[in-house]
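Q: Have a look; sequence and predicted model below, questions after that.
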Amino acid sequence: MSEEITEKKNDSNWKPLILGILCNWCSYAGADLAGSSRLKHPANLRIVRVPCSGRVNPLFVLKGFQKGFDGVMVLGCHPGDCHYAKGNYYARRRIMLLKELLQSMGIEPERFHFEWVSASEGVRFAELVSEMSEKIEKVGPFTGVDCSKVPAAF
């Protein structure tokens, strides 16, 4: 798949490709609602459904960038609404550390987004995807990590 993505980045009609890691119970249902309501949003989001945002390993996000995605979104249930009680709290703690890691690796903050989306927020889901796509279009294609800028600790 990464060869296919690289070829498309060299195209003059480039559109960002976004990886969406969505909680099964809320965010995925919100995406489904956006689709079934025929809400307009870019079709450049590839969704991976996980049981809970608390299940999202930071390596999933790094792997998305490694595979050539221009941006990654992690969407989960609102705090207090998690079907697994505390999963979204665990996700929030991991994501805070992940943001620091991405920044230290030289990956622009605009390329990663973490947000709460409930099953009834189809409109919000469509808006978030549109906003993310617009931000990444301004930043341009993801060309990888410049190893000379990564601290020696890595």
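A: Looks like it arrived, so ask away.

Q: For this structure, just list every one of the strands.
A: For the chain, the strands defined by DSSP state E cover 18-23, 45-50, 71-76, 112-116.

Q: Just the CA trace of the first one, in CSV.
A: What follows is strand 18-23, C-alpha atoms only, in CSV (Å, rounded to 0.1, in the frame of the first residue of the first chain):
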residue,chain,number,x,y,z
ILE,A,18,-5.7,10.3,6.6
LEU,A,19,-5.8,7.3,8.9
GLY,A,20,-8.7,7.4,11.3
ILE,A,21,-8.5,5.1,14.4
LEU,A,22,-12.0,5.1,15.7
CYS,A,23,-13.7,3.7,18.8
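
Q: what residues does that strand touch?
A: 28, 31, 42, 44-53, 56, 60-61, 64, 67, 69-77, 87-88, 117, 129, 132-133, 136 (C-beta atoms under 8 Å, 6 or more residues apart in numbering). Where C-beta positions appear, they are placed from N, C-alpha and C, glycine not excepted.

Q: ok, and which of the strands of the chain has the densest surroundings?
A: Neighbour counts (mean count of other C-beta atoms under 10 Å) averaged over each of those peak at strand 71-76, with a mean of 27.
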